[in-house]
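model this:
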Amino acid sequence: MLRQRILSALVLAPCAVLAVWFGSWAFIALAAVAGALMAWEWSRLCLGRFGADGLFLSMMSVLVVVLGAEAPVAGLTLAVGSAVTVPWIGRWDGRSPLWMAAGALYIGLPALSLVWLRGQGRETVFWLLLLVWATDIGAYAAGRAIGGPKLMPRVSPKKTWAGLAGGMVSAALVGGGAGLVYEISPTVLALLSALLAIVAQAGDLAESWVKRRFGVKDSSAIIPGHGGVLDRLDGLLAAAPVVAVICLAMGGGLAQWR
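Residues are numbered from 1 along each chain as shown. A predicted model of the protein is given here:
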């Protein structure tokens, strides 16, 4: 499993890096495909099928991404409007329609945030991606090496407090390095990155809770060794909107923080 995870990461990570680097339609296309796949997974996860409501959610995800580049307010309106609309589409077979409403926000807001952040400069998205990846790697390594008390055993039995600390330290190192590269206070960016590591881990736990709620191990099997797109991006989905709000408060991406 570890070998599969590494091989998949070696294929997917360069695709993400190149899309961020080139930006424009390269990044929009990648985000749109990821959004549509996540909507497909969410529908199957929460409803046990992919029907008209799932198709609606997929189309919404793509449109939110496209709008996010030039008309982010329209994209936000679409995501919120879809959360209100999608519960009235499709059949439910005893499952709550509110799950699809939650999915519209869970997928739509991070997708919109990522596209908007790329418009503020590639350095912001690179920092975000690297800190989330560092959080995952640091948490895995520290959890395996140290072990100790479980973080939330009923939700994710393998996650430990040591793993959370390892993820925070790894993210802080990324933040400190980014601060030196972009001439921003390394201490401030390291502390902020450590806090965002907590947000990313919370996103991981939230997705694990949803899967446990529906008795599913992975959101899909589309990525060997990782499961589904939701499984791979759970931390990023939680951190991206938070970073977008911070950038709004700071007046733009990292380049404007100097």
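
can you tell me how far residue 57 sits from residue 237?
As judged by CB to CB, to the nearest Å, residue 57 and residue 237 stand 14 Å apart. To be clear about C-beta, it is placed using only N, CA and C from the backbone, and glycine gets the same treatment.

again with residue 49
22 Å.

which one of those two has more residues nearby?
residue 237 (24 against 13; other CB atoms under 10 Å).

That one against residue 203, yeah?
Yes - contact criterion CB atoms under 8 Å: residue 237 and residue 203 qualify, at 5.5 Å.

Mind checking what secondary structure the closest residue in space to residue 53 that isn't next to it in sequence has?
In space, residue 53 comes closest to residue 90 once its chain neighbours are excluded; the distance is 3.5 Å by CB to CB, 6 or more residues apart in numbering. State at residue 90, reduced to three classes by DSSP: H, G, I helix; E, B strand; the rest coil: coil.

Which stretches in the stretch 1-150 of the chain count as strands?
For the stretch 1-150 of the chain, strands defined by DSSP state E, counting those that start in this stretch occupy the ranges 150-152.

still on that earlier bit, now do the contacts for the residue nearest to residue 53.
Contacts for residue 90 (CB atoms under 8 Å, 6 or more residues apart in numbering) come out as 47, 51-54, 56, 100.

Any stretches of this protein with poor pLDDT?
1-2 (pLDDT under 70).

just the helices in it please.
Along the chain, the segments classed as helices by DSSP state H run 2-22, 24-47, 52-70, 72-85, 98-119, 122-146, 161-182, 186-213, 229-250.

With respect to residue 155, which of those lies nearest?
Residue 155 sits nearest to helix 186-213 of all the helices of the chain, at 4.9 Å, using CB to CB.

Pull out the buried residues from that closest one.
186, 189-190, 192-208, 210-211 (16 or more other CB atoms under 10 Å).
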